[in-house]
Structure formats: structure tokens, C-alpha cells
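> Sequence and predicted structure are below.
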Amino acid sequence: MLAKRVKRSAPMDLDHRGRAWYIDKAVTFLVFVGGISAIIFIIGIFVFITKEGAGFIVGPLNVREFFASLTWRPTSSQNPSYGVLGLIAGTASVTGLAMVVSVPFSLGAAIFIGEFATGRLRESLKVLVELLAAIPSVVWGFIGLSIMNPLIIDMFDVPVGIGVLNSGIILGLMAAPIMTTIAEDALKAVPDTYREAAEAMGATKWQVIFRVVLPAGKNGLVAAVLLGVGRGFGETMAVLMASGNAIQIPTSPFDSVRAITATIAAELGDAPVGSDHYRALFTLGILLFVVTFIINLTADLVVKGARRA
Amino acid sequence: MKQKTIAPWTTWKAALVEDTALAIDIQNVSLWYGDFQALFEVDLQVKRGSITALIGPSGCGKSTLLRAVNRMNERLGDYVRTTGEIHVLDQDILSDDVELSQLRRHVGMVFQRPNPLPLSIQDNVLFAHRIHRADEKFNKLEEDEIVENALRRVLLWDEVKDRLGREATGLSLEEQQKLCIARLLPVKPTVILMDEPTSALDPKATAALEELIWELHGDYTILIVTHNMAQARRASEETAFMLLGRMVEHGVTEQIFLAPQEEGTADYIEGRYG
């Protein structure tokens, strides 16, 4: 009986490498190349931008003028001036207003989708929000120009409807879907046992949300807001179309401003390759890159903190 | 016709003074999850201050019955349907006029897995208190006293008194489960429902919990679901046996275990199924 079994066992070919082995190695290699190339491309982009901007940073750049002057006159042949304060103010005011618009909307939408809506309503709302995120930015710019502009002129009786208010609202609407989606994920990550525990103690729906769910999902919500800020900060086309593009520090919501991104988009085509103007625009690119990187990194760290807790 | 008495829930104190014999009176309760009927005309009477164990094989409806008493089943939405009558201290709790928040203040619940909120130990103990007595002002001293009393009552004070500000989720499972009991006490519940409160704990912690539960009865009416036959035998005064959504037998624990009247009970207790 025992002998029979031994005879039936397979030959012990311990160093045998079959097809599965080769497929496994090949796939592992392909995935590795795919993964590493993403990192290489990002580093490549950074190196390229830095290389183009470096000539300006080590050459004509005057740090004090760059950050403190309002005069952006890169094409002047006699007296070129590279002050980006006005551009920073433009980006900051538009992004700031965008956040004022989108944070309450997004958090409200996320709370409604995550905590109140059920079944089909919830699913269709989620799809709808994701569809909103897919609207191209030029379409948003178009809405700013052709719908918001006359609306603002009508409502507030101002001569021009393009400016901080217009682009801030447009940008807020653009940032809302991504913020909503991420905030909703953050709420969904709060274990249901917390809600159950609080409800079993007699907490009302609102008490559960306010005292338990929001504090527990705090980090994810902060990350959602930060990513929304990053989105607004880097947005170009809609801002270019709806902000008016006058370089100044805005004093009213109807003032026209120019954002950093819009400046690059508008001027890079006209700047002679290798000129100071060209390099100054790349320096603006570095500034954007660094700030966006910091925002995203912060968001990432905050989310990691949420996972640890 | 049975007279419907809906006393406002603020008169709970008055109800406490009248010595009602029954803490929970479940009559003819049936419950459906959609088309699936989980409970069939269940009756159960629980005396005030007693510990009653609900036993039965998995899926027999004991947790569902437990969750009917604080209406936690309704979390699942409209597809849960309950018929019959449940009275807690003579008040009809299935009535539409009942505020779930008030009901759950008086009928607390302890879950299978300890589920402290992601707050400090102190805030956990004060959570229900703050919800239900939001209108009254309590100073720090009074709050400290409430926390200390509650934690002393569950024999946890000495272990955690130096780290009340720490996250409650960092405690051991035994400590967490004790905390989950402690946080019910400041609002002075009548009934505490326990859904297999020791199933996530090791034997030593289980023994400690059982001791605590035994110590609490009298002041609180305890209805406890358990899978653990030995636990029902050790830590309850009365035992109710359920099978396939029906109440098979209910009596004094001793009698259920030594001389069960029904064949089903005897088979289950002797481990022939379950």
C-alpha cells in the first residue's frame, strides 16, 4: 500500500523553470519599468524647468524686486522689470475666493452623500460629481466669459464682470468635485461602529456627524481642502479667460487680476527662446511647481497621519 | 381595548418611583428584514434589576430581539418592520411618538466588539452625558466627579486615572469594554443591553467582565446575548432560549440548565447542535 503511493508521487525537479516562471519574471520587469518611468518623467520635467529657469535665477534675478515689486515688464528693451507680486496676489485672491466658495459646498455635499443619501440617490450623486470633475477647464472659462460675466454686470451694476469674483467662483466650482470626492472618501473611512456607538447612546444624526464623524475624519477633510487648493493654484485656462489679466493687487472683488499660470500661458509663446523673459517665465513655473508640491506633500502627510491614528 | 399610555419621556422619574415589576415587556413581537422574517411572535418579560441571558444558535434572532429593545434595528432603514408590543417600564417604545434619542438614553447598549469613540477616555465617559444634558451647565469639577464615579463603578478608575486625556482606542480590549459600560452610566439608564460583550476578550478579561456585570445588576436591568453557555450559567439569573426566531423557553437559569422543559433547549444545552 505504502509502496504504491511512493511510486505515484511526481518527480522532484527542484530547479525546473516552467513557462509560469518566465511569465512571472517578464511581468515583474514590465511593471517595474512602468512604475519607475513615471518617477523618471517627473524628475525629468523638474530638471527641464529648473534648467531653463536657472539662467534667470543666477543671472538677472533680483530676489527683492521679484517678490516685492508690482512691475512686470519683461519685454521692455530699456528697463525690463520682473516683479511678480501682482501675479502672486492675483493667484492668491482667486484661489482664496475659490476656497471660500467651494469648501462649504464640497463639505456639505460630501456630508450629504456620505451620511444622508442612500441607495440610488447616493450612487447617482456620486456619478454626477465625478462627471463634474470631467468638464474641461476651457469650458469652465467659457462659462465664466459668456454666462458669469453678464450676470455679474447685471447683478452688481459694474462695468466689467470679469475679475476676481468671476474667476474665483468658476475656480471654486471646478475644485468642488475633487474636494467632494476626497472628502466623501474621508467620511466613508470613518468606521461605522463609531456611528453605531454614538447612535446607541442616543446621539441624533447631527450630533453623530458633528461630534464623531467630522472629528474622526478630520485629517482626510483637511487633505481634501488642500488638494482643492492645489487644483485652484495650478489651474490656467479658466483663470486666463475669466480673470481679466490686469496685473495689480485687487482691492475689490470686481477688480481684474492676473494669475501666475495665466501669465505663463499667455506670454510663453511670444518670448524668444533663451531670452530673459523666457527664463523668467520658467522661474514662475518653478515657483508654481514648488508651491503645488508643498501643498500636495502636506495633504499626503496629513492623510498618512489619518491612517496612523 | 388596551389603553394606550404614552407618558412623555420626561416623566421617567415618576415611572421609576412606581415600582413596576417589569423592566422590559416584549409581547408578540415579529420582525422582518424585507421578506425574511427573523422573529416570530416572541414574548419575553424581564424583571427589574435582573440579569437575563439570551441564548441560542447563530442566526436564531437573539441579537435582533436585543436590538428591538433600543430600536437599533431601525438603523438599517425602512426595510426592517416590527410588529407587536415592547414596553420598557410600562411605556410603549414602538410608538411613533417615541424619540429614539430619549429611548436610547434609558436603554443603553454594549456591543460585541468594544467600540470606544476616537476621543479621550474622559470625553468617552462624558459623551452621552453631554448629549443628553446639553442644556444644563456643568463645571469642570462636576464633570470630573461624574467621570470618576462612572469609572470607579466599572472598576477601571485605578487603571486609567492618570491618563484620562489619552485616546480611548489605545486601551486594552478589556479596558475598552469596561469603558463602553462606564460611558452609559452618567445618564442613569434603566436597562443595559449587551450583545455578546465578551466575545472579543480573552478568558481572563471575560472573567473580569462577568464579575462586573454581576456587580452591576440590581441597579441596572441587564439583558445579555451570549454564545457562551457557561457564561449564561455563571452570570445570569434567568435564561431565555431562542431557536429559529422563536422563543422556546424562558425561566430561572438553574432550571433551564438542569431541567429544561423543551427538547430543543436540552439538545442545544448539551451541545447536540449550535
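Yes, it's here. These figures come from a predicted structure and were not determined experimentally. Residues are numbered from 1 along each chain as shown, chains lettered A, B, ... in the order given.

> How about the secondary structure of residue B:108?
Following DSSP: H, G, I helix; E, B strand; the rest coil, the label given to residue B:108 is strand.

> So which residues of the stretch 51-200 of chain A form strands?
For the stretch 51-200 of chain A, the strands defined by DSSP state E, counting those that start in this stretch cover A:72-73, A:81-82.

> burial count for residue 193?
The chain I'm using is chain A. Counted with other C-beta atoms under 10 Å in any protein chain shown, the neighbours of residue A:193 add up to 15. Placement of C-beta: from N, CA and C, glycine included.

> that answer is for a different chain, and I need it for chain B
When neighbours are counted by other C-beta under 10 Å, residue B:193 comes out with 29.

> Next: residue A:304.
Residues contacting residue A:304 under the criterion other C-beta under 10 Å number 12.

> what's the answer for residue A:251, then?
9.

> ok, now residue B:84?
Using other C-beta under 10 Å, residue B:84 has 16 other residues around it.

> what residues does the stretch 51-200 of chain A put near chain B?
Neighbours of chain B within the stretch 51-200 of chain A, by C-beta under 8 Å from any C-beta of the partner chain: A:118, A:193-194, A:196-200.

> Now, those residues that are in helices?
Among those, the residues falling in helices (DSSP state H) are A:193-194, A:196-200.

> Now the buried members of those.
When those are checked for burial by 16 or more other C-beta atoms under 10 Å in any protein chain shown, the buried set is A:194, A:196-200.

> Point out where chain B drops to low pLDDT.
Residues of chain B that meet the criterion pLDDT under 70 lie in B:1-21, B:274.

> Now the spatially most central residue of it: closest residue in space that isn't a chain neighbour?
When C-alpha atoms, centre = their mean is applied to chain B, the residue found nearest the centroid is residue B:193 (0.5 Å). Spatial nearest neighbour of residue B:193, excluding adjacent residues (C-beta to C-beta, 6 or more residues apart in numbering or on different chains): residue B:109 at 4.5 Å.

> Equivalent analysis for residue A:195, please.
The shortest distance from residue A:195 to any non-neighbouring residue, by C-beta to C-beta, 6+ apart, is to residue A:208 (5.4 Å).

> Same question for residue A:72.
Taking C-beta to C-beta, 6+ apart, and ignoring the residues beside it in sequence, residue A:72 has residue A:247 as its nearest neighbour in space, at 5.2 Å.

> Give the helix, strand or coil label for the one you found.
Strictly by three-state DSSP, residue A:247 counts as coil.

> so it sits right up against residue A:74, yeah?
No: the pair residue A:247 / residue A:74 is not scored as a contact, 11.2 Å apart, by C-beta atoms under 8 Å.

> For chain B, which segments count as strands?
Secondary structure of chain B by DSSP state E: the strands cover B:22-33, B:36-47, B:51-55, B:80-88, B:91-92, B:107-110, B:191-195, B:221-225, B:238-243, B:246-252.

> Would you convert the residues of the stretch 51-200 of chain A next to chain B into a markdown table that also reports distance to residue A:158 and pLDDT?
Listed next are those as a markdown table, based on distance: C-beta to C-beta, whole Å; pLDDT from 0 to 100:
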| residue | distance to residue A:158 | pLDDT |
| --- | --- | --- |
| A:118 | 44 | 84 |
| A:193 | 53 | 93 |
| A:194 | 49 | 94 |
| A:196 | 52 | 94 |
| A:197 | 53 | 94 |
| A:198 | 48 | 94 |
| A:199 | 50 | 94 |
| A:200 | 55 | 94 |
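
> residues from the stretch 1-150 of chain B in reach of chain A?
Within the stretch 1-150 of chain B, the positions near chain A by C-beta under 8 Å from any C-beta are B:70, B:72, B:75, B:77, B:100-105, B:108-109, B:111, B:113, B:115-119, B:127-128, B:131-132.

> residues in contact with the residue nearest to residue B:193?
With contacts defined as C-beta atoms under 8 Å, 6 or more residues apart in numbering or on different chains, residue B:109 is in contact with A:200, B:67, B:70, B:72, B:184, B:192-195.

> Verify the stated contact: the residue nearest to the centre of chain B with residue B:220.
No: checked against C-beta under 8 Å, the pair residue B:193 and residue B:220 is beyond contact range at 10.4 Å.

> contacting residues around stretch A:107-122?
Under the criterion C-beta under 8 Å, 6+ apart, residues A:125-126, A:129, A:176, A:179-180, A:183-184, A:186-188, A:205, A:209, A:213, A:221, A:224, B:77 lie in contact with stretch A:107-122.

> hmm, try it at 6 Å
With contact meaning C-beta atoms under 6 Å, 6 or more residues apart in numbering or on different chains, stretch A:107-122 is reached by A:125, A:180, A:183-184, A:187-188, A:209.
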